[in-house]
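Chemist: just coords:
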């Protein structure tokens, strides 16, 4: 799994949530998937900052 995949999934979920006027769900999807993406990026790049 690449670090960008959770952002794509989060964007799709957010788009569906906005279509249903669920703005809180859209924000949650983007923030949660952004955090997952950040964790994956740090874990898959062990030489960053070390």
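Modeler: Looks like it arrived, so ask away. Not measured: the values here are computed from a predicted model.
Chemist: The longest helix belonging to the chain - contacts with which helices or strands?
Modeler: Looking across the chain with DSSP state H, the single longest helix is helix 23-44. Contacts defined by 3 or more C-beta pairs under 8 Å, 6 or more residues apart in numbering; DSSP states H and E place helix 23-44 against helix 5-19. Yep, even glycine has a C-beta here, placed from its N, CA and C like the rest.
Chemist: residue closest to the middle of the protein?
Modeler: Nearest to the mean C-alpha position of the chain, by C-alpha atoms, centre = their mean, lies residue 33 at 2.1 Å.
Chemist: Look up how far residue 8 lies from that residue.
Modeler: 8 Å (C-beta to C-beta, to the nearest Å).
Chemist: Residue 45 too?
Modeler: Distance from residue 45 to residue 8, by C-beta to C-beta: 19 Å.
Chemist: Surely the residue nearest to the centre of the chain touches residue 5?
Modeler: No - look at residue 33 against residue 5 with C-beta atoms under 8 Å: they stay out of range, at 9.0 Å.
Chemist: quick one on the thing from earlier: what about the longest helix of the chain, average pLDDT?
Modeler: Mean pLDDT, helix 23-44: 91.
Chemist: mind checking pLDDT for residue 47?
Modeler: Looking at residue 47, its pLDDT is 72.
Chemist: That one and residue 35: what is the separation?
Modeler: Separation of residue 47 from residue 35 (C-beta to C-beta): 22 Å.
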